[in-house]
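[1] Sequence plus predicted model, see below.
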Amino acid sequence: MKIATWNVNSLSIRLPQVLDWLANNRVDVLCLQELKLTDDKFPLQALEQAGYGHCAVFGQKTYNGVAVISRHPLSHVLRNIQGLTDEQARLLTVTVHAPGAELRLVNGYFVNGQEPGSEKFAYKMHWLQGLHQHLATEVAQTLPLVLVGDFNITADDRDTHDPQGLKETIHHTTEEREAFAGLLALGLVDAFRLFEQPEKSYSWWDYREMAFRRNKGLRIDHILVSQSLREQVIACTIDRQPRKNERPSDHAPVIVELADRAPSSA
DNA sequence: ATGACGGTGTGGCACCGA
């Protein structure tokens, strides 16, 4: 089973690219962030025709908005963080019913935070704390769990093109990285780092100053899996191809491949 | 020091993103 996450920075603008990508990457589930559209404008029909007949949508006008689009049935959909009042549409939790495999999937568009010390940064940390609690509840359930999305956090210095120059700036602060580590402490693993990866692997590049061409990026889009799934992770990759499109999203998709079931101990 | 690019909504620009 393949699960992907992609911040598309407006689904209205990016729908053709999403459909094109799905045609070439027949993932089972694609998690989207930054839809920037309301539920009534979500392209259910186009996605169904593409083979993704099961969608959970949590949209919002202008900003935010997340969706899970799937070849397999979804159930038990939760919108936003349980126990946190939030006016922004940033989190979807669903159960995916793939043949012979059920899992709980959490798709998040984490708060940006703008600048350490700002009100938005305080909101980011508050949101992360709420997410931690939400996930603690989810991890305690029986199903294996996958957490994906645009975290807006570099996990460590390997995830940034300029660890010295960007030290303690937004996406790089000790506070944010401790929150990321706190999620791992719940029993989750960074699927990308289970494998040897090319140096300077990033998932986001600024639109400005030819950042993509110069590979001045950040790895802020992540896929975390629960310990129970660890042995089933076959691969985790970033697909830079869509970033080369005309009018691309500033983010690239991240994909994880899971084996159908745990390897039998021969 | 600032803005650089792109999307949205409004309206001829401001705002937000990362």
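    Okay, I see it.

[2] so who does A:G217 touch?
    Going by Cβ atoms under 8 Å, 6 or more residues apart in numbering, A:G217 touches A:161, A:200, A:202-206, A:211. (Glycine included, C-beta is placed from N, CA and C.)

[3] separation between A:Q60 and A:A67?
    11 Å (Cβ to Cβ, to the nearest Å).

[4] Near DNA strand B, which residues of chain A? Just list them.
    A:7, A:9-10, A:12-13, A:34, A:36-37, A:61-63, A:111-112, A:114-115, A:120, A:150, A:152, A:170-171, A:204, A:206-209, A:218, A:220, A:247, A:250 (Cβ under 7 Å from any atom of the strand).

[5] Mind checking which of those are buried?
    Among these, those buried by neighbour count (16 or more other Cβ atoms under 10 Å) are A:7, A:9, A:34, A:36-37, A:111, A:150, A:152, A:170-171, A:204, A:218, A:220, A:250.

[6] out of those, which are inside strands?
    Per DSSP state E, strands hold the following members of these: A:7, A:150, A:204, A:218.

[7] which strands and helices sit next to the helix or strand hosting A:V77?
    Using DSSP states H and E, A:V77 maps to strand A:74-79. Contacts defined by 3 or more Cβ pairs under 8 Å, 6 or more residues apart in numbering; DSSP states H and E place strand A:74-79 against strand A:54-58, strand A:91-98.

[8] Point out the other helices and strands that the longest one packs with.
    Going back to what we said before, that points to strand A:91-98. Using 3+ Cβ pairs under 8 Å, 6+ apart, strand A:91-98 sits against strand A:54-58, strand A:66-70, strand A:74-79, strand A:101-109, helix A:119-139.

[9] distance of A:D150 from A:I220?
    In terms of Cβ to Cβ, A:D150 sits 6 Å off from A:I220.

[10] Mutual contacts of these two, please.
    In contact with both A:D150 and A:I220: A:W204, using Cβ under 8 Å, 6+ apart.

[11] if we can go back for a sec, most neighbours among the contacts of A:G217, which one?
    A:S203 (26 neighbours; other Cβ atoms under 10 Å).

[12] Kindly list the main-chain dihedrals of that residue?
    Per-residue torsions, A:S203: phi -120, psi -10 (degrees, to the nearest 10).

[13] Excluding residues flanking it in the chain, which one is nearest the residue nearest the centre of chain A?
    The residue lying closest to the centre of chain A (Cα atoms, centre = their mean) is A:G149, at 1.3 Å. Closest residue in space to A:G149, ignoring its immediate chain neighbours: A:G108 at 3.7 Å, by Cβ to Cβ, 6 or more residues apart in numbering.

[14] okay, now the one you found: neighbour count?
    27.

[15] for A:R193, same thing?
    Neighbour tally, A:R193, other Cβ under 10 Å: 16.

[16] doesn't it fall inside a helix?
    Yes. Assigned with DSSP: H, G, I helix; E, B strand; the rest coil, A:R193 falls within a helix.

[17] List the residues that contact the residue of the stretch 51-200 of chain A found nearest DNA strand B.
    Nearest to DNA strand B, among the residues of the stretch 51-200 of chain A, is A:N112, at 3.5 Å (Cβ to the nearest atom of the strand). Listed by Cβ under 8 Å, 6+ apart, the contact partners of A:N112 are A:120, A:124, A:152, A:170.

[18] Between those, which sits nearest A:Q45?
    A:N152 (31.4 Å; Cβ to Cβ).

[19] pretty sure the closest one contacts A:F110?
    Yes. Judged on Cβ atoms under 8 Å, A:N152 makes contact with A:F110 at a distance of 4.6 Å.

[20] intersection of neighbour lists for those two?
    A:K124.
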